[in-house]
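A.B. asks: Need coordinates for the below:
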Amino acid sequence: MAKFDTLLDQHFAALADPTRRAILARLARGGASVGELAAPHDMALPSFMGHLRKLEEAGLVVTTKQGRVRHCDLAPGAFAPVQDWLGEQRAIWEGRLDRLDDYVTRLMKERKT
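C.D. replies: Numbers count the residues shown, from 1 in each chain. This next block holds a predicted model:
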């Protein structure tokens, strides 16, 4: 479980930054070179590369180098750990809300009698 928690922590840390979320949103439309990804961001290339490195370390982005061009893509199944965790949280909270609804409904019926 510790490995999963570390991976999940890396995913959420990577997703916490708006620049990194913008990179992921762009890559969701298809792969791109580092230059294409960096162009809309008003920052020096070394700073941008730090964001890209954080995404790679989290396993969300994969890069390949072809000649002098580094190409980036979303990692296959990259968001599965986040989706799984969110699904578990949704199930927990839906169960809690269902129990609360049952309790309130029971109280309302008791008041009527």
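
A.B. asks: Return the helix or strand in the protein with minimum mean pLDDT.
C.D. replies: helix 2-15 (a mean of 81; mean pLDDT, DSSP states H and E).

A.B. asks: Flag the shaky bits of the chain, pLDDT-wise.
C.D. replies: Where the chain drops to pLDDT under 70, the residues are 1-4.

A.B. asks: Helices along that one, start to end?
C.D. replies: 2-15, 18-28, 34-38, 45-57, 80-112 (DSSP state H).

A.B. asks: Any chance of these in CSV with distance to residue 67 as columns?
C.D. replies: C-beta: built from backbone N, CA, C; applies to glycine. Putting the helices of the chain into CSV (distance: least, Cβ to Cβ, whole Å) gives the following:
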stretch, distance to residue 67
helix 2-15, 28
helix 18-28, 20
helix 34-38, 13
helix 45-57, 18
helix 80-112, 32
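
A.B. asks: mind giving me a markdown table with those and columns for distance to residue 71 and mean neighbour count?
C.D. replies: Listed next are the helices of the chain as a markdown table, based on distance: least, Cβ to Cβ, whole Å; neighbours: other Cβ atoms under 10 Å:
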| stretch | distance to residue 71 | mean neighbour count |
| --- | --- | --- |
| helix 2-15 | 19 | 14 |
| helix 18-28 | 11 | 16 |
| helix 34-38 | 8 | 16 |
| helix 45-57 | 12 | 16 |
| helix 80-112 | 23 | 11 |
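
A.B. asks: Relative to residue 66, tell me which of those wins on proximity.
C.D. replies: helix 34-38 (11.6 Å; Cβ to Cβ).

A.B. asks: elements contacting that closest one?
C.D. replies: For helix 34-38, the elements it packs on are helix 18-28, helix 45-57, strand 69-74, judged by 3 or more Cβ pairs under 8 Å, 6 or more residues apart in numbering; DSSP states H and E.
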